[in-house]
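Visitor: predicted model and sequence below, questions to follow.
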Amino acid sequence: MAKMSEYAFVAAMLSTGLATIFYFMYAVSGLRAARMQTAGAQMTAGLSLVSGPRTAAIGRYATMLGWLATVAMLASLVFRAIATGHGPFANMYEFSMAFAFGILAASMWFERRYNQRILALIALPVALAMMLYASTIPAEIEPLVPALQNNLLLTVHVAVAIVAYGSFAIAFAAALLYLIQPEGGRWGLPKPQVLDEIAYRAVVVGFPFLTLTIILGAIWADTAWGTYWSWDPKETASLVTWLIYGAFLHARVMRGWRGNRAAWLLVIGFGATLFTYFGNLFFGGLHSYAGLG
Amino acid sequence: MAHEVRTRPLPPTAAQAEATPGPTIMDRVDAVLEGLWHFLASMRFAMVLILALAFLGLIGSLIIQAPPGVLADPTGEQKQQWLNEIGQMGVPVVTWLHGLPVIGSVVPDLRYKDVARPFDTLQLFQIFNSIYFRVVVAALVISTVACSVHRIPGMIRTATKPRIDVAPGFFEHAPQHEAIVVRRSPAETRSILEATLAGKRYRTLGVESDGAVSLYADRWRWAPFAGLVGHLSIVVILAGGIVGATMGYRESQFTIAEGATLPVAAEPGVTIQLLDFTDTYDTRTGAPSDYASTVVLYKDGTEVDRHVIRVNDPLRYGDTTFYQAFFGSAAVVTVKDATGATILSEGVPLAWRTTNDNRPIGSVSIPGTDNVAWIYGTNGAGDTSIAPGQVRMEVYNGDGASVGEALLDQGKAGTVAGLTATFERESQFTGLNIGRDPGVGLVWLGSFLLFGGFVIRFTMPHKRLWARIVPRPNGAVVGVASLGSKEVALGTEFESLVNDIRQALAAPAGS
Ligand code: HEM
């Protein structure tokens, strides 16, 4: 089962890579079509990438590959869970796989729901980076240390977290697409209202899920250590992330904060998400020193 | 009022001048208070505070924070020692930044040893106890409450007394609007409209004036209050934290050796006995796989509970919970007095470390005296002063003066301060974290309300729709309008509603 998981993981990584290439070709082809259309002075207020027949075909392939990657990643996680007997929370290898799956799934779901292929152009490379990172970590299955022996709670904690992280990756993608063309309509990219809507929808999913992630983390800490909150760097970073997305939800209804500043909050928010995620590495040194006294 | 006074065209008469200052000051105070209120309840202020809190959190996760025990020490000695230690280590302040390719070379190579004192003065090692943190959190609570209170009347009005007859112009200028021409009587049109909306679970309210019918329809009108609950739950969580910190009890360093029975300070009359502590390791990787303390609880001498405490499986008794926290070696010693009577025979947890040579050390009071025995353990093979199989015992009297010491070989009796002491064998102790937190219920309640409140707020937006039926020869014109944000990406709910209404109105009569 562990081997099957690794094969599925490699398959997922390859299809994500290929999908990224196809999404890129799709964007370039759409860009060319957009330029031709502009040159033909035939401005239509299209919502999505201007699509010629060729662009559409490439896009379909990209989407198929994206789904393939998602399914392969899911299979890899399931095989791994069967092999280990627990959810993907034992180490950074497992959690990075889960994170990558979260981004893939969120990307495909939002693409389907909002008919915006271009989001994946930003989201998929992030997922790919996660997978590449995971592939540098030994995949060996090791027994759980006592603190992690809380299978149900930690599995739910991680499952909820990856929904939040995946959604935030989509909000980040939408924010970037907004920031490179705030006036909208450039390069055949989606209009600002569309991007704003997608980003908001993504945060509306991600924010409650992050809230739940933090609460479940607190419940676990309370069960394992007897303190639900101890300002551990990872806890603190997750709270900072939560506050930034809270700020975004406010920014969206405040004069002077809508648009650019709100989009920047999403970029910073995703930065905070990654910071929280990689916290273990960053704070690794600090953690051991914090045991002093 | 103040305004009126100032614009009075003629100078006031003496009597008026006497009369006016009172109200003027009151009015000013009123104006200032009102301005303050609006400031506190403003989203701009909230935004500044949320970002300020996030910034403090960022600092707190980057800069090493002093452990709570260090800060709790009233003498401040532990903190001085801690500052010295982080200073001596020369640890870079932001380790991981220096590991990054480009940024690493730009960031100044600050080391704790250079900044320990100024950082301490600025309370940077205790951000979450700092004055900044307290001020920001307090302001956020005030702002959240002010904002909520400020919005409640309007929210109640929106839910219970909505405007039904909006101006006709609204149906041309609302963000979403549509006009439908029908060949039905206004009354018939109205009932079809109401039935269609009711089918979509909207409630409708209507009034007639000048022959035109104004309708208001809405759904989930109470859901905005869930957002309010979500906001106020933050206050509930903080209240839980404060209750726990002020009224809770915690003994995070409770040590007990195998075989020993000790009183539990948190629960009067209760004692705890450690039957066994086992630490298990994975044979392949050497990583720990289990820490288990088998304990028995007695209340007034009778057994009331028995449990194997593990890291994720604490023992709960009454309001008190016992968590597995740490463990270590213990020395079983027997002490006999001059008559040969055994006055002490128990495991002494060597739970501390000496500062100079990092040696395990523990203490035990000698019954019937003021004396305290300190037991020093070995540092392992290669330790020349206390070899494996030996402990050193030092006895101090109530004034802290040394009254005797001896190096004890395992199994051989030695003499210390007129007593016969034997180091029987090595065993283990377990370290428990014993706590009672009366605030934790509030924290979970607040968490539940926080999550539930925002989920309801997000999944059930208050949807509002206005319609106006204006009679016409042979029928009527129906204007439908909504304030809802245009969901550009998806076909909007408004459009589909209007479609349904259109279809219902177009259907042949009587069907
Ligand atoms: C840590 C503090 C806070 C957090 C995490 C937070 C979070 C949120 C969230 C998640 C929302 C969106 C859900 C909803 O509309 O109910 C929201 C909306 C809102 N918040 Fe806060 N909030 C905080 C403090 C405040 C404060 C102090 C104010 C007072 C000015 C405030 C005013 C509002 C308002 C007026 C809305 C409604 C926006 C709309 O119409 O959609 N919030 N907040």
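Guide: Yep, it's here.
Visitor: helices or strands up against the longest helix along chain A?
Guide: Scanning chain A for the helix with the most residues, using DSSP state H, yields helix A:2-39. Packing partners of helix A:2-39 (3 or more CB pairs under 8 Å, 6 or more residues apart in numbering or on different chains; DSSP states H and E): helix A:53-84, helix A:92-114, helix A:119-135. In this view, the C-beta of every residue, glycine as well, is placed from N, C-alpha and C.
Visitor: one more time with 7 Å, if that's ok
Guide: Helix A:2-39 is packed against helix A:53-84, helix A:119-135, with contacts defined by 3 or more CB pairs under 7 Å, 6 or more residues apart in numbering or on different chains; DSSP states H and E.
Visitor: show me how far that helix is from its chain's centre.
Guide: With CA atoms, centre = their mean, to the nearest Å as the basis, helix A:2-39 stands 16 Å off its chain's centre.
Visitor: repeat for stretch B:477-484
Guide: Relative to the mean C-alpha coordinate of its chain, stretch B:477-484 is positioned 45 Å out (CA atoms, centre = their mean).
Visitor: what number of residues lie near the closest residue to B:Ile142 other than its chain neighbours?
Guide: Distance criterion CB to CB, 6 or more residues apart in numbering or on different chains; nearest residue to B:Ile142, sequence neighbours excluded, is B:Leu40 at 5.9 Å. A count of nearby residues for B:Leu40, using other CB atoms under 10 Å in any protein chain shown, gives 18.
Visitor: now swap in A:Tyr200 and tell me
Guide: 21.
Visitor: so it makes contact with A:Leu249?
Guide: No. Counting by CB atoms under 7 Å, A:Tyr200 does not reach A:Leu249; the two are 8.3 Å apart.
Visitor: got a list of what B:Val440 touches?
Guide: A:Tyr228, B:Gly240, B:Gly244 (CB atoms under 7 Å, 6 or more residues apart in numbering or on different chains).
Visitor: from B:Val236, how far out is it?
Guide: 12 Å (CB to CB, to the nearest Å).
Visitor: now A:Arg35: how far from the ligand?
Guide: A:Arg35 is 39 Å from the ligand, where distance means CB to the nearest ligand atom, to the nearest Å.
Visitor: can you pull the pLDDT of that residue?
Guide: Looking at A:Arg35, its pLDDT reads 72.
Visitor: show me what contacts it?
Guide: Counting by CB under 7 Å, 6+ apart, A:Arg35 has no contacts.
Visitor: select the longest helix from chain B.
Guide: Max-length helix for chain B by DSSP H is helix B:131-160.
Visitor: do that helix and the ligand meet?
Guide: Yes. Using CB under 6 Å from any ligand atom, helix B:131-160 reaches the ligand at B:Leu140, B:Ser143, B:Thr144, B:Cys147.
Visitor: my guess is the second one contacts B:Ser42. True?
Guide: This means B:Ser143. No. Under the criterion of CB under 7 Å, B:Ser143 is not in contact with B:Ser42, lying 8.2 Å apart.
Visitor: related to what we said a few turns ago, let me know which of the helices and strands packed on helix A:2-39 is the nearest to the ligand.
Guide: helix A:119-135 (22.8 Å; CB to the nearest ligand atom).
Visitor: just the CA atoms of the closest one, as PDB, please.
Guide: The C-alpha coordinates for helix A:119-135 follow below in PDB (Å, rounded to 0.1, in the frame of the first residue of the first chain):
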ATOM      1  CA  LEU A 119      -7.100  30.300 -11.800                       C
ATOM      2  CA  ALA A 120      -5.300  27.000 -12.100                       C
ATOM      3  CA  LEU A 121      -2.400  28.700 -13.900                       C
ATOM      4  CA  ILE A 122      -1.500  30.200 -10.500                       C
ATOM      5  CA  ALA A 123      -2.900  27.500  -8.100                       C
ATOM      6  CA  LEU A 124      -1.400  24.500  -9.800                       C
ATOM      7  CA  PRO A 125       2.300  25.600  -9.700                       C
ATOM      8  CA  VAL A 126       1.700  26.200  -5.900                       C
ATOM      9  CA  ALA A 127       0.400  22.600  -5.700                       C
ATOM     10  CA  LEU A 128       3.400  21.400  -7.800                       C
ATOM     11  CA  ALA A 129       5.800  23.200  -5.500                       C
ATOM     12  CA  MET A 130       4.200  21.400  -2.500                       C
ATOM     13  CA  MET A 131       4.600  18.100  -4.200                       C
ATOM     14  CA  LEU A 132       8.200  18.700  -5.100                       C
ATOM     15  CA  TYR A 133       8.800  19.700  -1.500                       C
ATOM     16  CA  ALA A 134       7.100  16.600  -0.300                       C
ATOM     17  CA  SER A 135       9.300  14.500  -2.600                       C
END
